[in-house]
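**Student:** attaching a predicted model along with its sequence, questions to come.
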Amino acid sequence: MSAPRDLTTIRNIGIMAHIDAGKTTTTERILYYTGRSYKMGEVHDGNAVMDWMEQEQERGITITSAATTCIWKNHQINIIDTPGHVDFTIEVERCLRVLDGVIAVFCAVGGVEPQSETVWRQANKYAIPRLAFINKMDRVGANYQRCLRMMSDRLGANPLPLQLPVGSEAGFIGVIDLIEEKMLGFTEQSLGQEVVESAIPEPYIEAFAAARMALLEKLADFDESVMEKYLEDRPIPVDEMYRAVRKATLSLGVVPVLYGSAFKNKGIQPLLDSVVRYLPSPADISFVEGLDRQGEPLQHKTGPNEKFCGLVFKLMSDAFVENLAFVRVYSGEFSVGDKVFNPVKKKQEKISKLLKLHANKREEISEISAGDIGAVVGLKFTTTGDTLCEKGDFVILESMDFPEPVIGVAIEPKSKADEKKLNDTLDKIALEDPSFTVSTNEDTGQKIISGMGELHLEIIIDRLLNDFKVSANVGKPQVAYKETITQGVTEEGRFEQMTGARQYGHVVLKVEPLPRGGGFAFSSEVNDKTIPSTFLAAIERGVKDTLDAGPLIGHPLTDVSVTLIGGSYDDEDSTDMAFGVAAAMALRKAGAAAKPVLLEPVMDLEVVTPEAYVGDVISDLNTKRGRVAGIETEKEIQIIKAHVPLAEMFGYSTSLRSATQGRANFSMQFWKYDVVPDTRAKEIIRKIRGI
């Protein structure tokens, strides 16, 4: 499918919503009615075109954003169907970064649900014009008016209904077009493909008149011509109303609202018409912001006649193909065989193959032009968020912020033979998913994989074991405890070896606690007559080596000051090794005598929650030994800041969601090490010692 040269006939749109609002079903109907698919896929049957991953089909949810292209009324529509689960919010973020418009799908029963709020905020961040599609109008409990109120109250949106639903729940049969003043029905026999226009039913004439009046009143605020005709009670041409709605939508002043039931094949064609009429084309975006060679802000002009510039917004790999890099082209074009420049990595890349994607099906093309989205195979240096531009040019487009992972699990290969395969596969997954990280815990030696939530890691582990066929054991990460002392003591260590090669070393150490976070300090107060300075390095090394295993459970000893205050040596028998052993003996005795305590990592936690759930969140934190540090208010949202031990945070995303009906989210980072309460410390020591 070759890209139209006229940028005004291209639409790059995303479909976003809370999980189970009907995004993927809506997309499936769009593909069917535009002729892109010959059969409707169903999420519940596991055969949806856009949910092509095995993990998606098993769970009935969207995990990875899928891209496709279709044609509607001579317009090319590039569509990205995004996930609705909060664990995959990064997928939404990176797609919204490159899209021009969005269809926000809401469930007529559930209304504005928690993840709807999250994705709406993400769309606000990138100032993306939106259409709202209130889906599932056929369901028991459907209430579109409540949905409109929630859009205003929860999202701060200005909904602009362009239709009036006819019938409700099982009796939902179609919509009345408020602009063209006619009824639209969708025949069951043609699977909704045939749209039947008719006069407005008699019982709805009064409701229609009120709804149309409300529409004109809102439009008058955004268009002087409409206002003039409205005040003078003159007829307003349909085309003029279309222009006014488009103008208000592009300025983010309103969100046009349409109704339907994707599963029952109703309301999709008017939605496609609205995408073409009201959402922006690449021609409406005259420039993109970025940085030049000196790091100064610049505005890069878009359009087919400018130099090539594009943004890589996603990498994808599986066990069978090289990396696919999804690219949004903002200006110029690039073709197979071209050499392009990555100014972020300062590397040149060769374009060996270009693809147009339809979910997991790929169609080779020769070029990708301004305003279009496609994929490049086999880029060597480029990662998510990088810019590609012409050789000799230097433009770094604004990149994306990726959230820090909040949960981790330990993973290890089942055998030595699996080790390289595991490492290579984890690197590959981390490259395509910036919200997934791999690290090694220096204290425990475990490899830790971290992500946005339990489901996120569950999916990654599923892919590792089943798609990439890596044999690995997965467990819970160990908390990296540390130990310290609470009082100062003085101890001596003497090492004498009388048989074989004679050795002698004798030290007296004063060991004292340092403030939390103080680490380790070593000093000497002895002169060369007591112990020659040539042995000081060996004594310090002996002390440091002993710090690796504390007296309680063998975890590192920290926040300790060690001072050499005495000792003796022998001219003939003293050696570095002897003094190192003597220092280790003295420190071990001191550690045991100085009332050691256990330290645990404490996290700096921030919970963002609606006001109604503040009490539940704080109550839950109290059960996790959390200490609330403060609460801030931002509109209807409360931000709770707390300090909670890491050991209590495993599974927190699940407990927070259940405490707040899924409407809260959190982020955390390491704060400091703090003393474990005595009762809890005894439990940990008993467990680790196996008593």
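**Tutor:** Nice, thanks for sending it over.
**Student:** stretch 296-311: end-to-end distance?
**Tutor:** One end of stretch 296-311 sits 18 Å from the other (Cα to Cα, to the nearest Å).
**Student:** oh, that last question was meant for stretch 250-269, not what I typed.
**Tutor:** Taking Cα to Cα, stretch 250-269 runs 21 Å from one end to the other.
**Student:** just the mean pLDDT for it, thanks.
**Tutor:** Per-residue pLDDT values over stretch 250-269 give a mean of 93.
**Student:** just stretch 200-217 next, same as before
**Tutor:** Average pLDDT, stretch 200-217: 94.
**Student:** how about stretch 291-306?
**Tutor:** For stretch 291-306, mean pLDDT rounds to 86.
**Student:** and the strands in the stretch 51-200 of the chain?
**Tutor:** For the stretch 51-200 of the chain, the strands defined by DSSP state E, counting those that start in this stretch occupy 66-72, 75-81, 101-107, 130-135, 159-161, 163-166, 174-177, 182-186, 195-198.
**Student:** between those strands, which gets nearest to Gly141?
**Tutor:** Nearest to Gly141, of all the strands of the stretch 51-200 of the chain, is strand 101-107, at 9.8 Å by Cβ to Cβ. To be clear about C-beta, it is placed using only N, CA and C from the backbone, and glycine gets the same treatment.
**Student:** what is the closest one packed up against?
**Tutor:** In terms of contacts (3 or more Cβ pairs under 8 Å, 6 or more residues apart in numbering; DSSP states H and E), strand 101-107 is packed against strand 10-16, helix 23-33, helix 114-125, strand 130-135, helix 268-278.
**Student:** what's the closest of these to Glu398?
**Tutor:** Taking Cβ to Cβ, helix 114-125 is the member of these nearest to Glu398, at 11.2 Å.
**Student:** circling back: and the helices and strands packed on strand 101-107 as a markdown table, adding mean neighbour count?
**Tutor:** Converted to a markdown table, the helices and strands packed on strand 101-107 look like this (neighbours: other Cβ atoms under 10 Å):
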| stretch | mean neighbour count |
| --- | --- |
| strand 10-16 | 25 |
| helix 23-33 | 26 |
| helix 114-125 | 20 |
| strand 130-135 | 26 |
| helix 268-278 | 21 |
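**Student:** would you turn these into a markdown table with distance to Leu315?
**Tutor:** Converted to a markdown table, the helices and strands packed on strand 101-107 look like this (distance: least, Cβ to Cβ, whole Å):
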| stretch | distance to Leu315 |
| --- | --- |
| strand 10-16 | 18 |
| helix 23-33 | 22 |
| helix 114-125 | 20 |
| strand 130-135 | 27 |
| helix 268-278 | 27 |
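**Student:** indicate which one of these is closest to Leu250.
**Tutor:** Using Cβ to Cβ as the measure, helix 268-278 is the one of the helices and strands packed on strand 101-107 that comes nearest Leu250, at 7.9 Å.
**Student:** which strands or helices does that closest one pack on?
**Tutor:** strand 10-16, helix 23-33, strand 66-72, strand 75-81, strand 101-107, strand 130-135, helix 238-250, strand 255-259.
**Student:** what distance separates it from the centre of its chain?
**Tutor:** Chain-centre distance of helix 268-278: 29 Å, with Cα atoms, centre = their mean, to the nearest Å.
**Student:** and stretch 627-636, by the same measure?
**Tutor:** 23 Å.
**Student:** what about it, average pLDDT?
**Tutor:** pLDDT averaged over stretch 627-636 gives 83.
**Student:** count of neighbours near the nearest residue in space to Lys301 that is not next to it in sequence?
**Tutor:** In space, Lys301 comes closest to Phe287 once its chain neighbours are excluded; the distance is 5.3 Å by Cβ to Cβ, 6 or more residues apart in numbering. Look at Phe287: counted by other Cβ atoms under 10 Å, it has 14 neighbours.
**Student:** mind listing what Phe287 touches?
**Tutor:** 299-302 (Cβ atoms under 8 Å, 6 or more residues apart in numbering).
**Student:** mind redoing it with 6 Å?
**Tutor:** Residues in contact with Phe287, defined by Cβ atoms under 6 Å, 6 or more residues apart in numbering, are 299-301.
**Student:** kindly reformat the strands of the stretch 51-200 of the chain as CSV and extend each row with distance to Ile236.
**Tutor:** Formatted as CSV, these follow (distance: least, Cβ to Cβ, whole Å):
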stretch, distance to Ile236
strand 66-72, 26
strand 75-81, 25
strand 101-107, 25
strand 130-135, 21
strand 159-161, 15
strand 163-166, 17
strand 174-177, 14
strand 182-186, 16
strand 195-198, 20
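**Student:** got the contact list for the helix or strand hosting Ile565?
**Tutor:** Using DSSP states H and E, Ile565 maps to strand 560-568. By Cβ under 6 Å, 6+ apart, the list of residues contacting strand 560-568 from outside reads 506-512, 514, 520-526, 531, 543.
**Student:** let's see the ChimeraX selection covering just the buried ones among those.
**Tutor:** Typed into ChimeraX, the next command selects the buried ones out of the contacts of strand 560-568 (criterion: 16 or more other Cβ atoms under 10 Å):
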select :506,507,508,509,510,511,512,520,522,524,526,531,543
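**Student:** and the contacts of strand 560-568, which of them are in strands?
**Tutor:** Members of the contacts of strand 560-568 lying in strands (criterion: DSSP state E): 506-512, 520-524.
**Student:** quick check, nearest of those to Gly171?
**Tutor:** Phe520 (75.4 Å).
**Student:** which of the residues in stretch 219-235 are buried?
**Tutor:** Residues 219-220, 222-223, 226-227, 229-230 are the ones in stretch 219-235 that count as buried (16+ other Cβ under 10 Å).
**Student:** out of these, which comes closest to Gly374?
**Tutor:** Each of the buried residues of stretch 219-235 was scored against Gly374 by Cβ to Cβ, and Phe222 proved nearest at 35.0 Å.
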